[in-house]
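Q: next one to model:
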Amino acid sequence: MMIPACRLVDLPRGEAYRLDIDPPVSVFHTDDGEVFAIDDTCTHQDASLADGWLEGCEVECPLHASKFDLRTGAVDAPPAKRPVRTHEVRVEDGMIYVQLSTDAPNLPPCVAVRLAGGPA
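A: Numbering: from 1, shown residues only. Okay, the predicted model is just below:
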């Protein structure tokens with residue numbers, strides 16, 4: 001199922017849009033005009049990657065500066081050790097749609113416990 005995220009004209013280049021689903025997903029519009037979607041939560045700690053810094057096809061986590069490749073989800077350096085999940089993106093009739101990955105997300109332990117219904 002394709003989830004409508006936002007209109008392309010409402011997401012300026014160099015910016016991100018956060019989908020408030022569980023777990024959250026961020027849609028990034030690069031300076032080159034490409035659109036990518038990844039899980040919004042850093043795999044190291046509960047930080048929103050939509051609040052990070054976008055440079056090229058990488059986003060830097062706002063807490064501890066690990067960078068994630070928007071194309072592959074790969075992480076470049078500690079403290080994050082695991083990649084983020086990537087999602088398919090389509091732009092149709094000016095609307096950005098996200099097809100969620102069926103892979104399990106790589107969430108930090110505090111978020112994984114919360115989503116599983118455990119103590120926050």
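Q: how close does the residue positioned nearest the centre of the chain sit to Gly52?
A: Residue closest to the average C-alpha location in the chain (Cα atoms, centre = their mean): Ile38, at 3.0 Å. As judged by Cβ to Cβ, to the nearest Å, Ile38 and Gly52 stand 11 Å apart. Where you see a C-beta, it was placed from the backbone N, CA and C, and this is true even at glycine.
Q: tell me how far Ser26 lies from Arg18.
A: Applying Cβ to Cβ to Ser26 and Arg18 gives a distance of 5 Å.
Q: mutual contacts of the two, please.
A: Taking Cβ atoms under 8 Å, 6 or more residues apart in numbering as the contact rule, Ser26 and Arg18 both touch Asp40, Ser48, Ala50.
Q: okay, those in CSV with pLDDT next?
A: Output for these, formatted as CSV (pLDDT from 0 to 100):
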residue, pLDDT
Asp40, 97
Ser48, 97
Ala50, 98
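Q: now, which of those residues lie within helices?
A: Nothing among those maps onto helices, per DSSP state H.
Q: residues contacting the residue nearest to Val59 when sequence neighbours are not counted?
A: Nearest non-adjacent residue to Val59, counting by Cβ to Cβ, 6 or more residues apart in numbering: Gly52, 4.7 Å away. Neighbouring residues of Gly52 by Cβ under 8 Å, 6+ apart: Ala16, Val59, Glu60, Cys61, Pro62.
Q: now swap in Asp76 and tell me
A: Glu58, Ser66, Lys67, Phe68, Asp69.
Q: now, the most widely separated pair of these?
A: Pairwise distances across the contacts of Asp76 peak at 11.1 Å for Ser66 and Asp69 (criterion: Cβ to Cβ).
Q: which strand residues bridge His87?
A: On the basis of DSSP bridges, His87 is bridged to Ala37.
Q: ok, back up a step: any idea how far the residue nearest to the centre of the chain is from Arg18?
A: Using Cβ to Cβ, Ile38 is found at 11 Å from Arg18.
Q: tell me where this protein has helices.
A: Going by DSSP H, the chain shows helices at 109-115.
Q: which intervals of it have sub-threshold pLDDT?
A: Applying pLDDT under 70 to the chain flags residues 112-120.
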